[in-house]
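Undergrad: pasted the sequence and its predicted model underneath.
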Protein chains: 2
Amino acid sequence: MTQKTDSMTDAEIYREVFDAIVDGRLAPGEKLGQDELGKVFGVSKSRIRPILHRLTDQKIVVIEPMRGAFVARPSVEEAREVNTARQIIEEGVIRRAARSAAPKQIKILREIVAAEQAARNRHDSGQAHRLTGEFHCELAKVTGNDVVMEMVRELVSRDSLVVALYQRPGSSACSLHGHTQLIDRIAEGDEDAAAHAMRHHLKEVMETLDLDGKSNKSRSLINAFAHLGDDR
Amino acid sequence: MTQKTDSMTDAEIYREVFDAIVDGRLAPGEKLGQDELGKVFGVSKSRIRPILHRLTDQKIVVIEPMRGAFVARPSVEEAREVNTARQIIEEGVIRRAARSAAPKQIKILREIVAAEQAARNRHDSGQAHRLTGEFHCELAKVTGNDVVMEMVRELVSRDSLVVALYQRPGSSACSLHGHTQLIDRIAEGDEDAAAHAMRHHLKEVMETLDLDGKSNKSRSLINAFAHLGDDR
DNA sequence: GATATTTATATCGTATACGATAAATGGCAA
DNA sequence: TTGCCATTTATCGTATACGATATAAATATC
């Protein structure tokens, strides 16, 4: 939990909102009122504004002029575009990883998959989803390049909105089998096979989605940030 | 530089500042005062601020707390990191391009190289540099994916700061030969060869830079007073 | 009774104001 | 002269204030 006495830094507030969106505690389409968020974090809206703009640049928030900010609701076309972008970028990533993977890094990847498995076994879909994203980020980390990692993180965060909007109930976005396959190909050092597996994996994710129906549920801001403390 | 008849829109102001930096009209390290920029564009600094923040997120501007905003001066490490990131991302890009290149798109690429050649023949280094960046963006455009194109654009813009800081006088960043080679490999549809050519090309660019000379600060000083003589 | 129009309210976007902090200036001592 | 400290100045970051616009409500009209 966080203290309420001293106001949080911009980076902390950003992180809170970002996580709330990516973790699904703020549903797509939900309104992000400046005054309301300001009250939640105990700051003025002048501090909230630039944070919303930053999230807008990352495409996980949209600002409609004179109407306000909302959690983005990526269209079907956008969902496809982000997925294609991931295919392109993460192909480069996994090829590099397959060339330069250290045993220690592979171990970390396997641990994440194990944690994913565990989370799914206890039906903690929230945590499972988070770890799924983290797997791909960690894969980018194998390249040792922070710039690339940030780009993958951005794509993954956008994808989490896609999943929130279009995932069929009961199905999981990333198959664990797919992840272990990726690791195996990397461990073998077969970059072509790894690249192929990655493209296949990402396409598979797309196929698990329901790009026609829509499920929209609204939740309150207070619930999303309940962990911060009650008195405000 | 530009007229300020009836206040410009935020996007226009952003574009002006962005282009000024990428085109080298604003040198790395130059101060970007809020009030000053506000006067230039005829708006209040409250409109300038978010633009500066956006440029900061793109890493072509740095904001030092309570000191102000400056055009970024990427370190040698950062220069290497951006270059590596380009190798990773643009490998994915060119592989995709090699798989799906349409003749019309290849024609566009060749036209850009021709324009590059022309600009260099008339010693318009500014335009030549701009077209060099545009070539890589257009290459990303071949994938038909705007998300990827934006990412490449961001990397290219950061690289232009690196070039401004570390390029050896008289040498050009991207060899025209390298670009034509990339196009040829794409036209042949040989994705492995294309990927190899891209990595080679980007590494070559790095080698034309003077990275292990002095630190950036003294470097610029030496350049500034080069006419005084070497010993002092 | 339903639709159109007017009024009211809430929220956004921008400008302005003000306290806080760093650079610049000037004076003083060595 | 050179180095150091106090004061001044300038600029930043945040809060507040205010006009503008969209949504909601209420009234009028058909």
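TA: In hand now; what should we look at? Residues are numbered from 1 along each chain as shown, chains lettered A, B, ... in the order given.
Undergrad: what segments of chain A are helices?
TA: Listed from the start of the chain, chain A has helices (DSSP state H) covering A:10-22, A:34-41, A:45-57, A:76-100, A:103-121, A:125-142, A:146-166, A:176-188, A:191-207, A:221-224.
Undergrad: by mean pLDDT, show me the worst of those.
TA: Per-stretch mean pLDDT for these is lowest at helix A:221-224 (a mean of 47).
Undergrad: quick one: residues contacting the spatially most central residue of chain A.
TA: Taking C-alpha atoms, centre = their mean, the centroid of chain A lies closest to residue A:157, which sits 2.9 Å from it. When contacts are counted by C-beta atoms under 8 Å, 6 or more residues apart in numbering or on different chains, residue A:157 touches A:18, A:21, A:22, A:58, A:60, A:133. All C-beta spots, glycine's among them, are computed from the backbone N, C-alpha and C.
Undergrad: so which of the residues you listed is the closest to residue A:98?
TA: Using C-beta to C-beta, residue A:133 comes nearest to residue A:98 of those, at 21.0 Å.
Undergrad: what about the nearest residue to the closest one once chain neighbours are set aside, how many neighbours?
TA: Using C-beta to C-beta, 6 or more residues apart in numbering or on different chains and skipping the chain neighbours, the partner closest in space to residue A:133 is residue A:156 (4.5 Å). Residue neighbour count, defined by other C-beta atoms under 10 Å in any protein chain shown, stands at 20 for residue A:156.
Undergrad: same question for residue A:84.
TA: By other C-beta under 10 Å, neighbour count at residue A:84 equals 19.
Undergrad: distance check, it against residue B:148.
TA: For residue A:84, the distance to residue B:148 (C-beta to C-beta, to the nearest Å) stands at 8 Å.
Undergrad: what of residue A:180?
TA: Relative to residue B:148, and taking C-beta to C-beta, residue A:180 is found at 27 Å.
Undergrad: repeat for residue A:111
TA: The spacing between residue A:111 and residue B:148, counted by C-beta to C-beta, is 30 Å.
Undergrad: neighbour count winner among those two?
TA: The neighbour count for residue A:111 versus residue B:148, taken as other C-beta under 10 Å, is higher for residue B:148 (27 against 11).
Undergrad: tell me the contacts of that one?
TA: Applying C-beta under 8 Å, 6+ apart to residue B:148 gives the contacts A:84, A:85, A:88, A:89, B:89, B:93, B:140.
Undergrad: can you tell me the closest non-neighbouring residue to the residue in chain A that DNA strand D sits nearest to?
TA: For chain A, the nearest residue to DNA strand D under the criterion C-beta to the nearest atom of the strand is residue A:44, separated by 3.2 Å. Nearest non-adjacent residue to residue A:44, counting by C-beta to C-beta, 6+ apart: residue A:38, 5.6 Å away.
Undergrad: tally of neighbours for that neighbour?
TA: Using other C-beta under 10 Å, residue A:38 has 17 neighbouring residues.
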